[in-house]
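Novice: make a model of this:
(2 chains)
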Amino acid sequence: MDKYLRSLSIFSALFIIVNSLVYWLVRPDVNDSWFQLKNEKDILIVGDSYTECAINDTLFMRATNMSQPAEAYLYTYLKLKKFLQVNPHVDSVVVGFSALNLNTFAEDWYDEESRMQRSVSRNFPLLRLNDLWLLFKREPGFLFNSCLITYKDYIKRYVQRRRISNLKQMNIGKYLFLNRNLSNNTANELNWILKMMEPTFSQTQIEYLRKIENLCNERKVSLILFYSPVHPSYPDSLKRSVLTLYQKEFSQIPLADFSSFVLPDSCYADLQHLNYKGARIFSAHLEKNFGKATLHEN
Amino acid sequence: MLFNSIEFAIFLPLVFIAYWFVFKNSLKLQNGFITAASFLFYGWWDWRFLLLMIASASIDFIAALFIEKTEDRRKKKLFLTLSIVSNLGILGFFKYFNFFVDNFSTAFRFFGSPIDTTSLSIVLPIGISFYTFQALSYTIDVYKGILKPTRDPVAYFAFISFFPQLVAGPIERALHLLPQFYKPRVFDYAKAVDGSRQIIWGLFKKVVVADNCAAYANRIFDNYTDYSGSTLLVGAVLFAFQIYGDFSGYSDIAIGTGRLFGIDLNRNFAFPYFSRDIAEFWRRWHISLTTWFKDYVYIPLGGSRGSTWQNVRNVFVVFLLSGFWHGANWTFIVWGLLNAFYFLPSLLRQSNRKNLNIVASNRWLPSLQDFFSIVLTFFLTTVAWIFFRSESLTGSFEYLQRLFTPSLFSWPTLFPKGEFLWIGILIGVEWIQRNQQHGLAFEAVKWPRVVRWSLYYTLIAIIFWFAGRQQEFIYFQF
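Specialist: Below you'll find the predicted structure:
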């Protein structure tokens, strides 16, 4: 038995050592300078596809949009932590706050296999042990696969001489130029939205939003919750449910509720997202009014 | 808990360490622990399945004690019948209820008297066919007087639920497995190392060969109307290797894991795709099920001792039951019958025990005759797998119809080279190892450690790097 365990331990240790060395060699050498924002960029926008499509940061000049579609607040938190550490000049953080972010449905953003793979892969250099532990407790198999896929991707990139060497290649967020118009038949999308939204909220999202709040408090940065413009046909019940949650849990944080911001149909890609035309108008509005009317738009 | 899951990767070392270090000095505690671990392993899917398994096995435990206790033949038979009826009743309800209801309904409708029937939404408990057959063999052997019933419920449940083989075999006989729980296990270094190698080989077969083939086989079988004959042939061949990699891979992992715990499980696959005829194939494929049917159905029916007609009948009964054991679908039944037809010529010519040796045992390559026999047997088996894989009989026949068209001779539109590379490696390694128990069995002393470990590392790297999308083991559904 001792002999077997000894052999197995040496075998495993060698395996781990070799792979750690390989990982060390191929991993992206994440540098603080990657996260460095220009001095005039003092507003950081994070969130999911709502903010990703709504705010064009080339028009809203003070802002940097680092939103990602279906991004769980866990990853938002990690990203923010890094950005705020490197950019003390950032004075405001805008966090997407919509029905989609907070609904129980958003638990899938942590647990669903392909989403976890994508998120872990992109944010791997930012993940700490306790974050990995949280994901492990939820879906150990998916986390293992996600880490394995990330590792394989790093090796492939290394072999092909295209290691991740800047923030853009990390692909952890940006403004999305959406060149699509509202379809004539929105009934399907409406049904889909109503079907997937449950009358309950994601506790994990709430927990991580609190962490984001604490982080901003520690860094003395203003935090603004942000409901992006949605189409008038978007169900009011969803908006109301989120506002109820806001009143109950986060009323101490300012909320910029643009969910009823008036835009023509041509500005929407679908019921939930602005297309580039909408983003252009809306971003120009923010550029002009942020800090004045933004928080009291509605 | 799947063998190829992170949960199992945590479960196995923990159980292994506790088994050999914490409970080593007490046989009772060690048996109790392995039983508890097995229950946990099984209950991980659904604890209700666990209760069902315990209830079903308890009936056999008690029935066997009564069979031994009574001298009255009629009472013995009564207790045996009770055990068989309860086991097959549970199996029948969970696995075949809807099948029979649907078919009765169709039959009545066909004869112009439609009846109202209700199908139940029944979840099939995982591995029910395996543990039911294992438990049945226990009471039958006690009834036959070739096995003394155990009075030790812990050893008995360890035998029924031993986690490596619980959900997909090998189907163990009490005569072989139960006594191993009566005596203290001694850790055997060589056995454990060989078991570890067998686990690695099983994982390679499952994760690399089967799971990768599955992606293409599923695509082709699910859209067979879109593909040419040659692509359908590719699909059938990929499925043949998917099911082999999946099931024999599972068996390798199970047997290897058993050996880590000092328990020998029966061999379940003996390189079946190197068989030279169907009879040999069935001596090498799912051996534990084939021998179960041989011992408990074929021989009691008279085996090969009766007239030719009786022989043929017995063979058909066994294959029919074997097909039905696999699932409540006509496709499995036809698959079984087709194999019976394949078997028929060698039975009638009394050549079914011709190829008992290992093919080309003293040579590197097979003779031309052996080679063509192997190819023909593989081809026949692959055609039969089409029934096994298809969703319905209509689908199977359509698949075959489209397969045997002139487009069979065109270049396939889907030809996954990577998957065929893995199949080639599998065939190559198993061909070289055909005299051994499994693909990675070798005498360690002959190979320097550097070479051996490099081989293991390479295989592990391949498993991690080229793993296909995780698929549940096919045989779990049986």
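
Novice: what sits against residue A:7?
Specialist: The neighbours of residue A:7, taking C-beta atoms under 8 Å, 6 or more residues apart in numbering or on different chains as the test, are residue B:193. Glycine gets a C-beta too; all of them are placed from N, C-alpha and C.

Novice: residues contacting the residue nearest to residue B:335 when sequence neighbours are not counted?
Specialist: The spatial neighbour of residue B:335 that comes closest, neighbours along the chain excluded (C-beta to C-beta, 6 or more residues apart in numbering or on different chains), is residue B:387 at 4.2 Å. Counting by C-beta under 8 Å, 6+ apart, residue B:387 makes contact with B:331-332, B:334-335, B:338, B:393, B:396.

Novice: can we see that at 7 Å?
Specialist: Contact criterion C-beta atoms under 7 Å, 6 or more residues apart in numbering or on different chains gives B:331, B:334-335, B:338, B:396 as the residues in contact with residue B:387.

Novice: and residue A:194, how many neighbours?
Specialist: The burial count assigned to residue A:194 is 11, neighbours taken as other C-beta atoms under 10 Å in any protein chain shown.

Novice: residue A:4 too?
Specialist: When neighbours are counted by other C-beta under 10 Å, residue A:4 comes out with 18.

Novice: and what of residue B:138?
Specialist: Using other C-beta under 10 Å, the number of residues around residue B:138 comes to 27.

Novice: quick one: contacts of whichever helix or strand it is part of?
Specialist: Element membership of residue B:138, judged by DSSP states H and E, is helix B:128-144. Taking C-beta under 7 Å, 6+ apart as the criterion, the residues outside helix B:128-144 that touch it are B:53, B:56-57, B:60, B:63-64, B:67-68, B:76, B:80, B:83-84, B:87, B:91, B:94-95, B:147, B:149, B:160, B:166-169, B:171-175, B:292, B:296, B:325, B:478.

Novice: give me the subset of the residues you listed that lies in helices.
Specialist: Judged by DSSP state H, helices contain the following of the contacts of helix B:128-144: B:53, B:56-57, B:60, B:63-64, B:67-68, B:76, B:80, B:83-84, B:87, B:91, B:160, B:166, B:174-175, B:292, B:325.

Novice: can you select the buried ones from those in PyMOL?
Specialist: In PyMOL, the members of the ones in helices among the contacts of helix B:128-144 classed as buried (16 or more other C-beta atoms under 10 Å in any protein chain shown) are selected with the following command:
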select buried, chain B and resi 53+56+57+60+63+64+67+68+76+80+83+84+87+91+160+166+174+292+325
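
Novice: next, the contact list for the nearest residue to residue A:238 once chain neighbours are set aside, please.
Specialist: Distances taken as C-beta to C-beta, 6+ apart place residue A:99 nearest to residue A:238, at 3.8 Å, with adjacent residues excluded. Under the criterion of C-beta under 7 Å, 6+ apart, the contact partners of residue A:99 comprise A:197, A:238-239, A:241-242.

Novice: now for these: which two are most distant?
Specialist: Of all pairs drawn from the contacts of residue A:99, the one with the longest distance (C-beta to C-beta) is A:197 and A:239, at 11.1 Å.

Novice: shaky segments in the chain?
Specialist: As the question left the chain open, I've gone with chain A. When the per-residue scores of chain A are filtered using pLDDT under 70, the ranges that remain are A:292-298.

Novice: think we crossed wires, I meant chain B
Specialist: Within chain B, the set of residues satisfying pLDDT under 70 comprises B:117, B:119-120, B:444-445, B:470-473, B:475-478.

Novice: residues in it within reach of chain A, list them.
Specialist: Applying the criterion C-beta under 7 Å from any C-beta of the partner chain, the portion of chain B that neighbours chain A consists of B:5-7, B:20, B:187, B:189, B:192-193, B:453, B:457, B:464-465.

Novice: ok, so of these, who is nearest residue B:422?
Specialist: Closest approach to residue B:422 among the residues of chain B next to chain A (C-beta to C-beta): residue B:465, at 11.8 Å.

Novice: contact partners for the closest one?
Specialist: residue A:152.

Novice: now it: which helix or strand?
Specialist: When elements are assigned from DSSP H and E, residue B:465 belongs to helix B:449-466.

Novice: likewise for residue B:311?
Specialist: Here residue B:311 sits within helix B:308-326, counting by DSSP H and E.

Novice: pull the residues that contact that helix.
Specialist: In contact with helix B:308-326 (C-beta under 7 Å, 6+ apart) are residues B:129, B:289, B:293, B:297-298, B:301-304, B:332-333, B:335-337, B:339-340, B:343-344, B:347-348, B:478.

Novice: which of the residues you listed fall in helices?
Specialist: The subset of the contacts of helix B:308-326 located in helices under the criterion DSSP H comprises B:129, B:289, B:293, B:332-333, B:335-337, B:339-340, B:343-344, B:347-348.

Novice: compare the contacts of residue A:99 and tell me which has the most neighbours.
Specialist: In terms of neighbour count, residue A:242 stands highest of the contacts of residue A:99 at 23 neighbours, by other C-beta under 10 Å.

Novice: so it sits right up against residue A:98, yeah?
Specialist: Yes - A contact is recorded between residue A:242 and residue A:98 when judged using C-beta atoms under 7 Å, the distance being 6.5 Å.

Novice: burial count for residue A:23?
Specialist: Close neighbours of residue A:23, defined as other C-beta under 10 Å, add up to 13.
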